[in-house]
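Enquirer: with the input below, show me the fold.
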Amino acid sequence: MELGLARKRIRRSWSDEEKRSICLQTLVPGVSVAQVALRYAMNVNLIFKGLKDPRFT
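Expert: I've put the predicted structure just below:
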């Protein structure tokens, strides 16, 4: 049985401007939060957290 390579977790930090841009992309009609999350390889929950923050919407 072959074991897969352990993935190294990458902890990225996003600037406020990047967070704002990511959150605003979810407000475009026809674009889902999941699509934006995949585009940036990030967890959907991080985007929802950003959408609740008044600085980023």
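
Enquirer: check contacts around residue 22.
Expert: Residue 22 makes contact with 14, 36, 40, 42, 47, 50, 56 under the criterion Cβ atoms under 8 Å, 6 or more residues apart in numbering. C-beta here means a position set from N, CA and C on the backbone, and glycine is covered the same way.

Enquirer: do residue 20 as well
Expert: Residues near residue 20 by Cβ under 8 Å, 6+ apart: 55-56.

Enquirer: pLDDT score for it?
Expert: pLDDT for residue 20: 96.

Enquirer: now swap in residue 14 and tell me
Expert: If you check residue 14, the pLDDT there is 93.

Enquirer: tell me, how many residues neighbour it?
Expert: Other residues near residue 14 come to 15 when the count uses other Cβ atoms under 10 Å.

Enquirer: could you do residue 6 as well?
Expert: 6.

Enquirer: now do the SS call for it.
Expert: Under DSSP: H, G, I helix; E, B strand; the rest coil, residue 6 falls in the coil class.

Enquirer: re the thing from before, from the contacts of residue 22, which ones fall inside helices?
Expert: Counting by DSSP state H, those place 36, 40, 47, 50 in helices.

Enquirer: distance-wise, check the first one relative to residue 56.
Expert: As defined by Cβ to Cβ, to the nearest Å, residue 36 lies at a distance of 13 Å from residue 56.

Enquirer: can you pull the contacts of the nearest residue to residue 48 once chain neighbours are set aside?
Expert: Nearest residue to residue 48, sequence neighbours excluded (Cβ to Cβ, 6 or more residues apart in numbering): residue 33, at 6.7 Å. Residues in contact with residue 33 (Cβ under 8 Å, 6+ apart) are 26, 44, 47-48, 51.
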